[in-house]
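Trainee: Give me the fold of what follows.
(one chain, ligands or ions: 3)
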Amino acid sequence: MTHRIAVLPGDGIGPEVTAAAVQVLGAALPECTFREAAVGAAAIASHGTPLPQETIALGRESDAILFGAVGGPGFDDVTPEKRPEAAILGLRKAFGLYANLRPAFAFAGLESRSPLRAELVRGLDLVIVRELTGGLYFGPKSLEREDGVLTARDTLVYRDFEIERIARVAFDLARARRKHVTSVDKSNVLVSSQLWRRIVGDVAREYPDVTLAHMLVDNAAMQLVRDPRAFDVIVTENLFGDILSDEAAMVTGTIGTAASASLGGPPSARGFGLYEPISGTAPDIVGRGIANPAAAILSAAMLARFSLGETEAAERIERAVAATLAEGPRTADLSDAAPATSTEFTAAVIARCRAESVGARPSR
Ligand SMILES: NC(=O)c1ccc[n+]([C@@H]2O[C@H](COP(=O)([O-])OP(=O)(O)OC[C@H]3O[C@@H](n4cnc5c(N)ncnc54)[C@H](O)[C@@H]3O)[C@@H](O)[C@H]2O)c1
Ligand SMILES: CC(C)[C@H](C(=O)O)[C@@H](O)C(=O)O
Ligand SMILES: [Mg+2]
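Mentor: Ligands and ions are numbered 1, 2, ... in the order given. Coordinates of the predicted model:
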């Protein structure tokens, strides 16, 4: 059966890392077909809009989207809906992708790259379940002069069903893991967080085998660097999840391995999804061929697992990435001396995938 993958490379290092992910996925699953469309600043240049209708249409004709990154210089004075970043927000909304899974995983051999002491990080394996289609990102916005005062508003809105469904995703996930959920909010200040805490508590009663802790977001930011391994599944609202996931990624040693899946339902129900690195267009390294493609490749593995049901291929890709990170070659974010290029890292991952598929398991 053919798997139809929409590839949206976007801007900056997006095309560099997405090309790597397409190569690896194509090698692991030859039945994938790839069709590309424009998003972000690239689409503004070619179509006059960050998210052309034909890009959405390609997504609708596909089993999954492999996404790079969007953003670029020159948009500081442009309203949010005309910025390149509107493309990713528009896709999340258009496809109802409310559940964003962001694993933070300490790969063996990378402990010394963490800003934390190696013994605090070794074996770290947590998942942030970020609510992705609500909150401050999607509430009404305005910028108006009111009584002579220039006034900007972003509105934080959460509805009960939005909290309930993301809480269920987190508890279901925890059930298949270490059975602990930390719900992160700011309920000492925000009424939306009070509702969040109440509803997550209600859902928790349906999962007596899973423990729940509530934590304020400022404390959570601190605990993530004090003792990151105390976390199993973190569930939180859109903006807190955005910020905490970059922090958790760096705790593992680099943001260059941080993958994500954006789903419209529980991960157990195989279906359409969008898969992307959590990081951005990395303007400081674009065009140099040194970006770490691991996050994009691991996002492709999540795509194989959650949207294609190809568990064996997903695991093969993940093992090949883990072995390459452990043994090298490594890109510049993970190596001080003679780092590999993105292309060299990708070739090493593909070689390990192929070696395994012909029966010769690579050494770990
Ligand atoms: N999903 C997305 O499309 C997405 C996500 C985050 C940021 N952005 C956009 O990207 C642009 C740049 O944002 P930023 O600079 O704040 O964050 P960024 O994530 O692009 O970069 C932050 C730092 O991480 C490094 N980095 C990121 N990915 C890397 C990789 N694969 N390998 C090695 N190093 C890597 C960069 O070099 C940089 O030093 C902005 O326009 C922002 O809106 C887009
Ligand atoms: C580009 C931006 C809109 C996006 C977000 O804030 O969700 C990014 O930072 C992410 O983490 O995916
Ligand atoms: Mg982010």
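Trainee: where does this structure dip in pLDDT?
Mentor: Confidence mapping of the chain against pLDDT under 70 gives the ranges 358-364.
Trainee: From residue 279, how far off is the residue nearest the centre of it?
Mentor: Nearest residue to the geometric centre of the chain (C-alpha atoms, centre = their mean): residue 260, 2.5 Å. Shown here: residue 260 relative to residue 279, a distance of 10 Å by C-beta to C-beta, to the nearest Å. C-beta: built from backbone N, CA, C; applies to glycine.
Trainee: Then residue 291?
Mentor: Distance from residue 291 to residue 279, counting by C-beta to C-beta: 9 Å.
Trainee: and what of residue 183?
Mentor: Distance of residue 183 to residue 279, computed by C-beta to C-beta: 25 Å.
Trainee: Which one's more surrounded, those two?
Mentor: residue 183 (28 against 23; other C-beta atoms under 10 Å).
Trainee: For that one, give me its contacts.
Mentor: For residue 183, the contact set (C-beta atoms under 8 Å, 6 or more residues apart in numbering) comprises 167, 170, 196-197, 200, 212-215, 234-236.
Trainee: The nearest residue to it once chain neighbours are set aside is in what secondary structure piece?
Mentor: Ranked by C-beta to C-beta, 6 or more residues apart in numbering and with sequence neighbours excluded, the top spatial neighbour of residue 183 is residue 200, at 4.4 Å. Assessed by DSSP states H and E, residue 200 sits inside helix 191-204.
Trainee: Look at residue 243 and say how many residues are nearby.
Mentor: When neighbours are counted by other C-beta under 10 Å, residue 243 registers 14.
Trainee: I should have written residue 208 there, sorry.
Mentor: The number of residues packed near residue 208 is 7, by other C-beta under 10 Å.
Trainee: for the one 10 residues further on, same thing?
Mentor: For residue 218, the neighbour count with other C-beta under 10 Å is 12.
Trainee: Smallest distance to ligand 1 belongs to which residue of the stretch 251-364 of the chain?
Mentor: In the stretch 251-364 of the chain, the residue found nearest to ligand 1 is residue 280; the distance is 2.3 Å by C-beta to the nearest ligand atom.
Trainee: Surely that residue and residue 67 touch.
Mentor: No: checked against C-beta atoms under 8 Å, the pair residue 280 and residue 67 is beyond contact range at 11.6 Å.
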